[in-house]
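Peer 1: Sequence below, structure please.
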Amino acid sequence: MGEIIRKNAAADDIIADAQTTLTQAKARGGRWHELAEGRLGSALALHAGVEAQRKAAETTLAPLRALIDARNDKADKTIGKVYDMVWNEIGRPAQDAALAVIFPDGIGSYAEGDTNEQPERMDVLVQLLQSGIHPKLSHATATSAAAEIMATSEALRTAVEAARKPAAQLKVFGRVRTSLARVVHAELSNLKRLYKIEGFSEAEIHAIIPDRPTAKPAKKAAPTA
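Peer 2: Residues are numbered from 1 along each chain as shown. Model prediction:
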């Protein structure tokens with residue numbers, strides 16, 4: 001007895017089986033096509049529209065993500081450069097309480113974590129550099145360092161904001177595609193049931209709907225004496 005694809009199979013595989021089914025049924029014509037079109041036509045048309053929008057969002061997002069990566073790398077290097085600049089100016093101390101206020105966990109306080117939030121973390125660094133909290137850090141160096149941090153922060157923020165909309169769309173379209181696959185799977189199951197009601201045999205049905213037999217579990221070896 002044939003089986004349709006598992007409901008927990010990959011969304012792309014479920015959709016592919018449904019598309020194959022509709023193509024085969026259309027070629028067969030008559031009730032084969034009529035029933036397949038009625039159960040699968042609208043769901044697959046909706047999937048095609050969603051998939052086109054998902055791919056468009058993916059195409060838009062790819063270069064924006066690359067730009068974020070490049071600007072994030074530059075921002076991280078700038079934070080490291082500023083840390084070294086400050087550390088050198090205050091005498092390269094092994095420990096320094098005021099430096100620890102500006103850089104609580106070294107450069108990791110600002111460079112590590114969610115890239116989308118890094119511009120806001122860098123804004124805090126700008127404020128701390130401009131606060132005059134370190135007595136050995138000159139106003140000129142602090143101002144120069146803060147300006148450099150601010151420039152790279154704004155560049156990263158611009159890249160992150162540009163990617164925000166297509167990234168959100170891509171995430172939602174992915175979820176919609178998964179949900180659509182569940183609907184399509186249910187319609188495949190309903191279609192097989194309708195084909196049976198029409199009196200078609202298992203062999204005839206699975207000449208239209210791809211047969212996906214479930215793999216049987218391997219038999220356990222008999223225990224040795």
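Peer 1: tell me the SS of residue 91?
Peer 2: coil (DSSP: H, G, I helix; E, B strand; the rest coil).
Peer 1: I misspoke; the intended subject was residue 5.
Peer 2: coil.
Peer 1: And the helix or strand encompassing residue 15, what's buried?
Peer 2: Using DSSP states H and E, the element containing residue 15 is helix 11-28. Neighbour counts over helix 11-28 (16 or more other Cβ atoms under 10 Å) mark 11, 14, 15, 17, 18, 21, 22, 24, 25 as buried. Yep, even glycine has a C-beta here, placed from its N, CA and C like the rest.
Peer 1: which one among those residues gets closest to residue 116?
Peer 2: Closest approach to residue 116 among the buried residues of helix 11-28 (Cβ to Cβ): residue 11, at 26.7 Å.
Peer 1: What residues does the closest one make contact with?
Peer 2: 177, 178, 180, 181 (Cβ atoms under 8 Å, 6 or more residues apart in numbering).
Peer 1: For the residues you listed, I'd like a selection string for ChimeraX - just the buried members, please.
Peer 2: In ChimeraX, this line selects whichever of these come out buried by 16+ other Cβ under 10 Å:
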select :177,180,181
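Peer 1: what's the closest of the contacts of residue 11 to residue 202?
Peer 2: residue 181 (24.2 Å).
Peer 1: In this structure the closest one contacts residue 17, no?
Peer 2: No - if you go by Cβ atoms under 8 Å, residue 181 and residue 17 don't touch, sitting 10.1 Å apart.
Peer 1: residue closest to the middle of this structure?
Peer 2: Centroid-nearest residue in the chain: residue 171, 6.1 Å away (criterion: Cα atoms, centre = their mean).
Peer 1: what about this protein, any weak spots by pLDDT?
Peer 2: Applying pLDDT under 70 to the chain flags residues 1, 215-225.
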